[in-house]
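Undergrad: sequence and predicted structure, then a few things I'm wondering about:
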Amino acid sequence: MEFSISRELDSPRETVWKAWTTQEALYKWWGPKECTITDCDLDLRVGGTFFYGMEFSNGTEMWGIFKFDEIIENEKLVYRVSFADKDRNAIRAPFSETWPLETLNTVTFEDHNGGTRLHLVSAPHNANEHEIKTFNGMFESMKVGFGGTMMQLAAYLKGEI
């Protein structure tokens with residue numbers, strides 16, 4: 001199964017694309033509201049990476065890394081995402097030993113009612129049966145996490161953060 005979430009944004013597609021594809025913008029909005037980005041390094045090219053570190057209000061730190069597989073400017077990003085350590089090595093999720101080591105995410109950007117419709121689809125990548133089951137059981141949590149991240153994006157686009 002795939003997880004998907006969409007968000008309609010009042011900003012033009014090119015503006016939303018820039019928010020997703022510039023390091024300075026990602027540093028300001030990426031992640032849920034209760035976290036602060038502590039590391040942010042973007043190499044936007046096929047084979048490039050986006051590495052980030054987050055610190056949550058309770059002091060917990062977490063890192064992640066994207067590896068870009070496809071980039072179509074202003075239209076689509078396809079990347080594999082993993083939890084990571086400080087040295088950018090893919091690691092198991094801190095909350096589950098059976099979470100997939102990688103997920104494959106596709107983000108599309110479409111013109112919609114004078115703004116942009118952003119759509120994200122995520123699925124386990126090279127995962128075993130247990131990892132797929134764990135992923136499929138986490139959809140409600142992913143709605144909260146990705147929903148909060150998209151709220152941050154909307155606030156950034158409105159100039160609120």
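TA: Alright, I've got the coordinates. Treat the numbers as computed from the prediction; the structure is a model and nothing was measured. Numbers count the residues shown, from 1 in each chain.
Undergrad: what's the longest helix belonging to the chain packed up against?
TA: Ranked by number of residues, the top helix in the chain under DSSP state H is helix 139-157. Using 3 or more CB pairs under 8 Å, 6 or more residues apart in numbering; DSSP states H and E, the elements in contact with helix 139-157 are strand 3-9, helix 13-21, helix 23-29, strand 115-125. Bear in mind the C-beta positions are built from the backbone N, C-alpha and C, glycine included.
Undergrad: got the ones you listed as a markdown table, with distance to residue 48 and mean neighbour count columns?
TA: Formatted as a markdown table, the entries for the helices and strands packed on helix 139-157 read as follows, by distance: least, CB to CB, whole Å; neighbours: other CB atoms under 10 Å:
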| stretch | distance to residue 48 | mean neighbour count |
| --- | --- | --- |
| strand 3-9 | 24 | 16 |
| helix 13-21 | 11 | 18 |
| helix 23-29 | 11 | 16 |
| strand 115-125 | 17 | 19 |
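Undergrad: let's have the ones you listed in a markdown table, adding distance to residue 159.
TA: A markdown table is the format used below for these (distance: least, CB to CB, whole Å):
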| stretch | distance to residue 159 |
| --- | --- |
| strand 3-9 | 13 |
| helix 13-21 | 11 |
| helix 23-29 | 11 |
| strand 115-125 | 15 |
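Undergrad: how about those in CSV, adding mean pLDDT?
TA: Putting these into CSV (pLDDT from 0 to 100) gives the following:
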stretch, mean pLDDT
strand 3-9, 97
helix 13-21, 98
helix 23-29, 95
strand 115-125, 98
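Undergrad: count of neighbours near residue 65?
TA: Residues within reach of residue 65, counting by other CB atoms under 10 Å, total 21.
Undergrad: for it, name its beta-bridge partners.
TA: The residues paired with residue 65 through beta bridges, assigned by DSSP bridges, are residue 51, residue 82.
Undergrad: just checking, it touches residue 86?
TA: No. At 11.0 Å, residue 65 and residue 86 do not qualify as touching, with contact defined as CB atoms under 8 Å.
Undergrad: ok now do residue 14, which residues does it touch?
TA: Shown in contact with residue 14 (CB atoms under 8 Å, 6 or more residues apart in numbering): residue 74.
Undergrad: at 10 Å instead, please
TA: Taking CB atoms under 10 Å, 6 or more residues apart in numbering as the criterion, residue 14 is in contact with 73-74, 109, 111, 116.
Undergrad: distance of it relative to residue 37?
TA: Look at residue 14 and residue 37: by CB to CB, to the nearest Å, they are 23 Å apart.
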